[in-house]
Structures are given as C-alpha cells and as structure tokens.
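In: Fold the following, please.
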Amino acid sequence: MSKSAPEPDLSAMRAVFNTRRLASDMTFEELAEASRVSRRTLLNISAGNYHGDLRTWLMLAKAWGVSLDELFEAVWK
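Out: All right, here's what the predicted structure looks like:
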C-alpha cells in the first residue's frame, strides 16, 4: 500500500507571511522594494486573498534571508 503524501495547509501561508513581515520590521513598501514583488500582491497575501506563486515566495525568501524550507515549515504541520 502506498502512503498518501501529506496535504499542505495553504491557509497557514497568510500567517507565515504576516509573521515574517512583522519580524523583519519592514513596511509593505520596503518589502515590495526589497523583494521586487508588487505592494498589491503583498497586501493580497497578507489578507489571505492570494497564496502567491513560486516566484513570489522565492523573492520573499531572498528578501528575508531565509530558505523556502524555513518559510514553509508551518505549512506542512
């Protein structure tokens, strides 16, 4: 019997984003400039209206100086 892969908790991505942004002490404008992700996209992720795509999260990880594994750890709990 094959074991099913765990499902990610995509709703946790909003919390991950907001926790990281607040910990970084960056405004939405500062994060948009550092990550080259639009302020509107950042606001939508923060509000839970958009999960973002791989490019978005790669750019955010780079701006925050963390790995994708570190960012998404809570998504797999």
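In: how about the closest residue to Ser67 other than its chain neighbours, what does it touch?
Out: Leaving aside its chain neighbours, Ser67 sits nearest to Ala61 (6.3 Å; criterion: Cβ to Cβ, 6 or more residues apart in numbering). Any C-beta I mention is one placed from the backbone N, CA and C, and that applies to glycine too. Ala61 makes contact with 67-68, 70-71, according to Cβ atoms under 8 Å, 6 or more residues apart in numbering.
In: Closest to Asn44 out of those residues?
Out: Leu71 (17.2 Å; Cβ to Cβ).
In: For Tyr50, give its distance to Arg40.
Out: For Tyr50, the distance to Arg40 (Cβ to Cβ, to the nearest Å) stands at 9 Å.
In: top helix in the chain by residue count?
Out: In the chain, assigned by DSSP state H, the helix with the most residues is helix 12-24.
In: what's the neighbour count on Ser67?
Out: For Ser67, the neighbour count with other Cβ atoms under 10 Å is 11.
In: In three-state terms, label Asp9 for me.
Out: Secondary structure, DSSP: H, G, I helix; E, B strand; the rest coil: Asp9 is coil.
In: Could you report the separation of it from Trp76?
Out: Asp9 sits 8 Å away from Trp76 when distances are taken as Cβ to Cβ.
In: any low-confidence regions in this protein?
Out: The model of the chain has pLDDT under 70 over residues 1-2.
In: let's see 50
Out: Scanning the chain for pLDDT under 50 picks out nothing.
In: which residue ranges form the helices in it?
Out: Taking DSSP H to define them, one finds helices in the chain at 12-24, 28-35, 39-47, 54-64, 68-72.
In: mind checking which of those is nearest Ala5?
Out: The nearest among the helices of the chain, by Cβ to Cβ, is helix 68-72 at 14.4 Å.
In: Can you list the buried residues in the closest one?
Out: Of the residues in helix 68-72, those with enough neighbours to count as buried (16 or more other Cβ atoms under 10 Å) are 71-72.
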